[in-house]
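Undergrad: let's see this in three dimensions:
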Amino acid sequence: MFGGEKIKINKEIYDRVKKFAELAGYSSMDEFVEYVLEKEVSKLEGSDSEDEIKKKLKGLGYIS
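TA: Below is the predicted model:
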């Protein structure tokens, strides 16, 4: 699914994502992660400016 690319996340988040991917009925954790990332990126792509994107990322806690 990820074309061989890898990302690192901490163990606690990994375990939580795995749990919710199973509960939601996804066939794999990769499928769930891809869906969530695509959804968030789509939201950001609809933004008007770089400042708007930064504001949203700050609101999500991704940047400070």
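Undergrad: what helix or strand is the most centrally placed residue in the chain located in?
TA: Central residue of the chain (C-alpha atoms, centre = their mean): L37, 3.4 Å from the mean position. Per DSSP states H and E, L37 falls inside helix 29-45.
Undergrad: related to what we said a few turns ago, V17 versus the residue nearest to the centre of the chain, what's the distance?
TA: Taking C-beta to C-beta, to the nearest Å as the measure, L37 falls 11 Å from V17. Where you see a C-beta, it was placed from the backbone N, CA and C, and this is true even at glycine.
Undergrad: ok, K43 next?
TA: K43 is 19 Å from V17, by C-beta to C-beta.
Undergrad: more neighbours: those two, which one.
TA: The neighbour comparison of K43 against V17 (other C-beta atoms under 10 Å) goes to V17, with 15 against 12.
Undergrad: separation between that one and E50?
TA: According to C-beta to C-beta, V17 and E50 sit 28 Å apart.
Undergrad: for K19, same thing?
TA: Counting by C-beta to C-beta, the gap from K19 to E50 is 35 Å.
Undergrad: which of these two has more residues huddled nearby?
TA: K19 (11 against 8).
Undergrad: D30: neighbour count?
TA: Using other C-beta under 10 Å: D30 sits among 12 other residues.
Undergrad: please disregard the earlier target; I meant K55.
TA: K55: 13 neighbours (other C-beta under 10 Å).
Undergrad: now do the one 5 residues further on
TA: By other C-beta under 10 Å, the residues close to L60 number 11.
Undergrad: what about it? Give its phi and psi, please.
TA: In terms of degrees, to the nearest 10, the main-chain angles of L60 are phi -80, psi -10.
Undergrad: would you mind measuring from it to G46?
TA: Applying C-beta to C-beta, the value for L60 to G46 is 15 Å.
Undergrad: any idea how far V17 is from F32?
TA: For V17 relative to F32 (C-beta to C-beta), the value is 7 Å.
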